[in-house]
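> Following is a predicted model, sequence given first.
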Amino acid sequence: MSTATPQKFEFQAEIKQLLDIVIHSLYTEKEIFVRELVSNASDAIEKFRHLQLTEKDVADDQLALEINLTTDDTAKTLTLQDAGLGMTRAELIENLGTIAHSGSKAFLKALSEGGQKNSNLIGQFGVGFYSAFMVAKTVKVYSRSWKKDEPAHVWTSDGSGSYEIEEVDDQQRGTKIVIELKDDCGEFATEGRIKEILERYSAFVSFPVNLGGKLINTVQALWLRSKSEITDEQYTEFYKFQAHAYDEPRLRLHFSADAPLQINALLFVPKDNTEKFGMARLEPSVSLFCRKVLIDSKPKDLLPEWLRFLKGVVDSEDLPLNISRETMQDRALVEKLNKVITKRFIKFLSEEAKNRTEAYNEFYAEFGVFLKEGAALDYAHKDEIVKLLRFESSLTEKGKTTSLAEYVTRMGAEQKEIYFLMGPNRAAIESGPYLEGFKARNLEVLFCYEAVDEYVMSNVREFDGKKLVAADHADVKLADAPKPPAAEGDLSEDDAKALAEWLKTTLGDRVGEVKASDRLVDSPALAVNADKFMSPQMRRMMKAMNKDGADAPVKVNLEINPRSAVIKHLAAARTAAPEKAALIAEQILDNSLISAGLFEDPSKMVARLYKLLETV
Ligand code: ADP
Ligand code: MG
């Protein structure tokens with residue numbers, strides 16, 4: 001039933017509503033209409049190919065299965081032609097005049113459920129064919145069906161409520177869409193602009209996409225192919241293309257899943273952590289695709305924050321289907337994707353740590369800081385992430401690390417806690433006074449060199465039921481170590497007590513408690529933080545940020561070593577040379593503060609040292 005003269009039709013009410021939103025939306029990235037039309041073209045070719053498996057008698061069976069775009073800068077038009085299955089007259093009416101199809105229906109549903117005109121939704125999930133009306137004065141759709149005896153038609157509309165259909169000659173199988181652009185959308189009639197858009201959104205479309213006769217999509221959607229067919233070089237080339245990177249990826253994870261969601265993912269860890277060089281905070285850059293078509297290149301919630309160093313692609317066929325059944329507002333689907341991918345990536349890292357330990361340790365040296373962030377902040381995955389953390393310790397060699405699990409296997413039966421010490425580096429911790437007592441008792445202490453470690457340790461709190469405890473904390477109680485044989489001149493318990501009391505009086509407000517210590521072996525004294533709520537590291541941070549509280553004078557508890565020559569000397573000087581003894585006492589305290597990282601004002605110390613030197 002063909003018609004020679006154009007026939008006019010009204011759009012279905014929902015389409016009118018949709019067109020109204022699309023045409024009047026302030027959505028700024030109008031360019032996504034290209035993505036929508038190209039993906040429709042690709043779908044149409046895919047359907048045709050499928051059809052060819054059963055139908056032998058099709059129109060124009062020699063046509064190359066391609067998508068061709070041309071721009072006309074003078075006429076201000078953009079044309080897309082595909083060799084897909086095409087549409088009959090009835091299909092033009094059904095497909096373009098009513099809202100039977102997925103994308104736009106989901107969009108309207110989300111709008112009604114979201115309750116506001118969220119123009120962002122247009123970009124996220126597209127409004128399919130109708131997005132062309134964001135940029136078009138008129139849209140003409142020429143189409144010939146694959147069915148041989150069906151005539152071709154042109155469908156024409158300005159999006160204002162009605163469309164016309166007319167029969168045409170000279171049309172090859174498939175669909176040709178001619179867009180006459182609005183005056184302020186002339187950019188889409190220039191080849192450079194369209195090329196840029198195609199490269200962004202349609203780089204992985206399965207069929208050749210040509211612009212002005214030149215092939216645009218030269219890179220394959222590797223993530224959908226099977227691992228065994230892909231070489232390392234291909235992976236690297238893909239990484240460079242997709243992440244706009246120049247380095248070689250350090251690690252990669254290529255996996256697919258069918259339950260609970262259909263996912264194909266190809267993830268890369270870059271060579272370097274650029275945040276480490278003080279460069280800008282990384283943005284999420286694992287792109288979200290639905291069947292090779294880009295949905296969002298920087299989806300915010302696809303992965304947790306701490307995985308922001310990952311590059312690559314996640315493709316899920318479930319996306320548009322589920323999206324139409326759920327509200328997009330609560331992003332339940334993206335959340336589900338997030339869970340599955342995060343779990344899988346953590347599992348991958350733990351396998352790497354086990355099977356390719358050296359590579360893992362190199363990765364950790366570069367990106368460990370992100371794992372620490374995850375351990376501290378990602379409550380859902382904390383327990384698994386903590387297992388991936390690595391530390392140097394008093395029992396490892398310099399540069400070698402241990403996991404918490406390995407630490408636990410080395411714990412003696414009586415050890416109940418996991419100890420750690422903060423310090424700028426290994427040498428500083430090893431030469432400080434805090435480690436001695438642990439060493440003497442064969443207790444392993446983890447070494448933490450990074451500013452975030454303290455925050456991480458206090459958030460992680462425990463591992464395998466064992467508390468993580470700062471070894472320089474005032475509350476740490478160590479079991480009795482085998483005492484060194486009493487030497488000549490060791491202070492008796494009473495003498496030590498008397499000296500401690502004298503020190504408390506002499507040092508006044510600068511100290512809280514003074515007592516003889518059970519954790520010192522060689523050093524004369526050590527300072528432990530009297531302020532439970534502010535560690536030295538925190539104090540430094542607050543000072544740097546000019547926060548209240550950091551200006552209060554440092555107050556510490558002092559522990560002295562009755563076996564140390566310096567302390568013995570002090571005990572003697574106390575009565576023999578009281579003035580000198582007071583100077584020594586102050587100096588011992590300052591030295592302990594230096595070891596604790598709490599020493600702040602050297603001016604007094606210099607004057608005092610000269611005074612002391614005078615007495616030599
Ligand atoms: P969706 O692609 O989500 O189905 P669209 O609004 O993009 O929604 O397209 C509506 C319908 O129009 C498609 O489902 C398809 O049947 C038909 N269609 C659109 N473009 C083409 C094309 N190039 N060739 C054949 N059919 C098409
Ligand atoms: Mg579509």
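Arrived safely, thanks for sending. Numbers count the residues shown, from 1 in each chain. Ligands and ions are numbered 1, 2, ... in the order given.
> okay, now the residue in the stretch 351-500 of the chain that ligand 1 sits nearest to: neighbour count?
Nearest residue of the stretch 351-500 of the chain to ligand 1 (CB to the nearest ligand atom) works out as residue 380 at 33.2 Å. (Each C-beta comes from the backbone N, C-alpha and C, glycine too.) Burial of residue 380 is recorded as 13 neighbouring residues (other CB atoms under 10 Å).
> just residue 171 next, same as before
Residues near residue 171, counting by other CB under 10 Å: 19.
> ok, it to residue 280 distance?
51 Å (CB to CB, to the nearest Å).
> what residues does the protein put near ligand 1?
36, 40-41, 44, 82, 84, 87, 95-96, 101-104, 128-129, 175 (CB under 6 Å from any ligand atom).
> Could you rerun that using 8 Å?
36-37, 39-41, 43-44, 47, 80, 82, 84-87, 91, 94-96, 100-104, 126-130, 141, 143, 174-175, 177, 320 (CB under 8 Å from any ligand atom).
> Weed out the non-buried ones from these.
Using 16 or more other CB atoms under 10 Å as the burial test, the residues of the chain next to ligand 1 include 36-37, 39-41, 44, 80, 82, 84-87, 91, 95-96, 103-104, 126-130, 141, 143, 174-175, 177, 320 as buried.
> Tell me which entries of these lie within strands.
80, 82, 141, 143, 174, 175, 177 (DSSP state E).
> now, among those residues, which is nearest to ligand 1?
Comparing these against ligand 1 with CB to the nearest ligand atom places residue 175 closest, at 3.7 Å.
> Which residue, neighbours along the chain excluded, lies closest to that closest one?
Sequence neighbours aside, residue 143 is the residue nearest to residue 175 in space, at 4.4 Å (criterion: CB to CB, 6 or more residues apart in numbering).
> what's the answer for residue 5, then?
Nearest to residue 5 is residue 166, by CB to CB, 6+ apart, at 7.1 Å.
> Within the sheet, what are the partner strands of the helix or strand containing the one you found, with directions?
Using DSSP states H and E, residue 166 sits in strand 162-168. Strand 162-168 sits in its sheet next to strand 7-10 (antiparallel), strand 152-157 (antiparallel), going by DSSP bridges.
> and ligand 2, which of the ones you listed is closest to it?
Judged by CB to the ion, the one of the strands paired with strand 162-168 that comes nearest to ligand 2 is strand 152-157, at 15.5 Å.
> chain center to the closest one: distance?
From the chain centre to the centre of strand 152-157 is a distance of 47 Å (CA atoms, centre = their mean, to the nearest Å).
> for stretch 123-139, same thing?
In this view, stretch 123-139 has its centroid 32 Å away from the chain centroid, taken as CA atoms, centre = their mean.
> Over to stretch 469-477?
34 Å.
> That one - what's its average pLDDT?
Taken as a whole, stretch 469-477 has a mean pLDDT of 81.
> Okay, buried residues for it please.
So, applying 16+ other CB under 10 Å, buried residues of stretch 469-477: 469, 470, 471, 472, 474, 476.
> do stretch 132-140 as well
Those would be 132, 133, 134, 135, 136, 138, 139, 140, for stretch 132-140 by 16+ other CB under 10 Å.
> which residue packs closest to the last one, ignoring adjacent ones?
Beyond its immediate neighbours in the sequence, the residue positioned closest to residue 140 (CB to CB, 6+ apart) is residue 178, lying 4.4 Å away.
> Kindly report the same for the fourth one.
Closest residue to residue 135 in three dimensions, ignoring its sequence neighbours and counting by CB to CB, 6+ apart: residue 185, at 4.0 Å.
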